[in-house]
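Novice: Sequence plus the predicted model coming up.
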Amino acid sequence: MKKNIWLLLVKCLILVPCFGQNVRSFDSIFPRLSREHRQTVFSPTGLVSSVHRSEGIQFLSRSELDKTLADPILSRNPTVLVELLMIIPTDAKFIDVYNAVGQIKTLKDPDYHSPTLDHTPLFEEASRVESPFRLIDVPDPPPATTVPRQETFFFRLQDENFGNSYFRADINANSRRFLYTLSNIRSMNFYFVPIIAESGLIMQLYFEPVREGMLAYCIAGAHIADFIVDRVDIPTAIRLRVEAVMQWVVTGIIVGRF
């Protein structure tokens, strides 16, 4: 999957437009990144941080992005914080992002693997559900032509570790940025033991056109039950899922352009 994404990103390099002065550059948003970190941001996998909350937010705190992006996550007293930052070299618009995040069925992808699971899919099934009260699968809508300012829907993931996991997806968009927020609407269990309570896992995926392409930033947090923290490598589990979700969106944006 990463090889395929790299080939698509290389193809997109020829599409990056020259934006006007009203569009920010990446360096103006993240002026304090080291050269090494900046190079990683422009790689196909992006720059990733997975830390205990006591270590604090790594990327957002050194940026010119709205710091309130972290508020819904910090308010849940997370045990683990994950951030992912990358530049997608594409001239994609928010409609492309909107259509990408709406295709929940494509989150079921056998190419997303955990290195510890011997090539077992991370998400075995993925589908929208009708509502949090009727958890029956429904199809994704056809591609849209306009982006709503706000929208909410729900979906189910059959997760290798957590079984059936149910999420709420919230979209908030304006002319400058596109925000996609995911939160679990039921507890997430590990071998039938609840380890993440309802709304205990939140991901904020932020997209903004920049002069170099499309800025993609994710901050996620998970509050883990105390008794399990030292028994299961939850930070890695959350990081893998953040990476999988971001790569799913990136792939959807790029594939939608061809």
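Specialist: On my side now, so go ahead.
Novice: Tell me the spacing between Arg76 and Asn99.
Specialist: As judged by C-beta to C-beta, to the nearest Å, Arg76 and Asn99 stand 29 Å apart. Every C-beta, even on glycine, is put in place using the N, C-alpha and C of the backbone.
Novice: Around the nearest residue to Ile29 once chain neighbours are set aside, how many other residues sit close by?
Specialist: Using C-beta to C-beta, 6 or more residues apart in numbering and skipping residues adjacent in sequence, the residue nearest Ile29 is Glu64, 4.9 Å away. Using other C-beta atoms under 10 Å, Glu64 has 11 neighbouring residues.
Novice: what do you get for Asn164?
Specialist: 14.
Novice: cool, and Glu160?
Specialist: The number of residues packed near Glu160 is 17, by other C-beta under 10 Å.
Novice: More neighbours: Arg76 and Asn99, which one.
Specialist: Neighbour comparison, Arg76 and Asn99: the larger count goes to Asn99, with 20 against 17 (by other C-beta under 10 Å).
Novice: tell me what the helix or strand harbouring the more buried one is packed against?
Specialist: Per DSSP states H and E: Asn99 is located in helix 94-102. Counting contacts by 3 or more C-beta pairs under 8 Å, 6 or more residues apart in numbering; DSSP states H and E, helix 94-102 is packed against strand 163-173, strand 178-184, strand 201-210, helix 234-255.
Novice: May I see those organised as a markdown table, with mean pLDDT added?
Specialist: Formatted as a markdown table, the helices and strands packed on helix 94-102 follow (pLDDT from 0 to 100):
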| stretch | mean pLDDT |
| --- | --- |
| strand 163-173 | 97 |
| strand 178-184 | 98 |
| strand 201-210 | 98 |
| helix 234-255 | 90 |
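Novice: Of those, give the one that comes closest to Arg38.
Specialist: Closest to Arg38 of the helices and strands packed on helix 94-102 is strand 201-210 (C-beta to C-beta; 12.9 Å).
Novice: Parallel or antiparallel, which strands does that closest one pair with?
Specialist: strand 178-184 (antiparallel), strand 213-222 (antiparallel) (DSSP bridges).
Novice: got the angle for whichever helix or strand comes after the helix holding Asn99 vs strand 163-173?
Specialist: Later in the chain than helix 94-102, the nearest helix or strand by DSSP H and E is strand 123-129. Relative orientation of strand 123-129 versus strand 163-173 (axes from the mean of the first three to the mean of the last three C-alpha atoms, to 10 degrees): 50 degrees.
Novice: and the very next helix or strand once past strand 123-129, how far out from the chain's middle?
Specialist: Remark: after strand 123-129, the chain's next helix or strand is strand 137-138, criterion DSSP H and E. Offset of strand 137-138 from its chain centre (C-alpha atoms, centre = their mean, to the nearest Å): 22 Å.
Novice: And strand 137-138, what does it pack against?
Specialist: With contacts defined as 3+ C-beta pairs under 8 Å, 6+ apart, the packing partners of strand 137-138 are strand 123-129.
Novice: Thanks a lot, catch you later.
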